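[1] Predicted structure and sequence below. I'll ask about it afterward.
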Amino acid sequence: MKTMIRNAVIVGTVSAIAGYSMYKQSRTPMKRSQKMAKKLVSKATNMLQ
C-alpha cells in the first residue's frame, strides 16, 4: 500500500515538473525537452530510493 502511494506521488510530481519544463521550453526542440524530462524522472527516483 505504501509503495502505491509513493508511486502515485512520484508520478504526480514528475508529470508536474515535466509539464512545467515543457511549457517553459516550448521554443526548444522536442528531443531536448525529452532529455530534460528523463533527467528529472531519474532525479526523482534517486531521491525517493
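    Now that the structure is in, tell me what you want to look at.
[2] Next one: the residue nearest to the spatial centre of the chain relative to residue 21, how far apart?
    Centroid-nearest residue in the chain, with C-alpha atoms, centre = their mean: residue 14, separated by 2.9 Å. Distance from residue 14 to residue 21, counting by C-beta to C-beta, to the nearest Å: 10 Å. Just so you know, the C-beta spots here come from the backbone N, C-alpha and C atoms, and that holds for glycine as well.
[3] returning to what we had before: what secondary structure does the residue nearest to the centre of the chain sit in?
    The three-state label given to residue 14 by DSSP: H, G, I helix; E, B strand; the rest coil is helix.
[4] contacting residues around it?
    37, 40-41, 44 (C-beta atoms under 8 Å, 6 or more residues apart in numbering).
[5] now with 6 Å?
    41, 44 (C-beta atoms under 6 Å, 6 or more residues apart in numbering).
[6] All good on my end, thank you.
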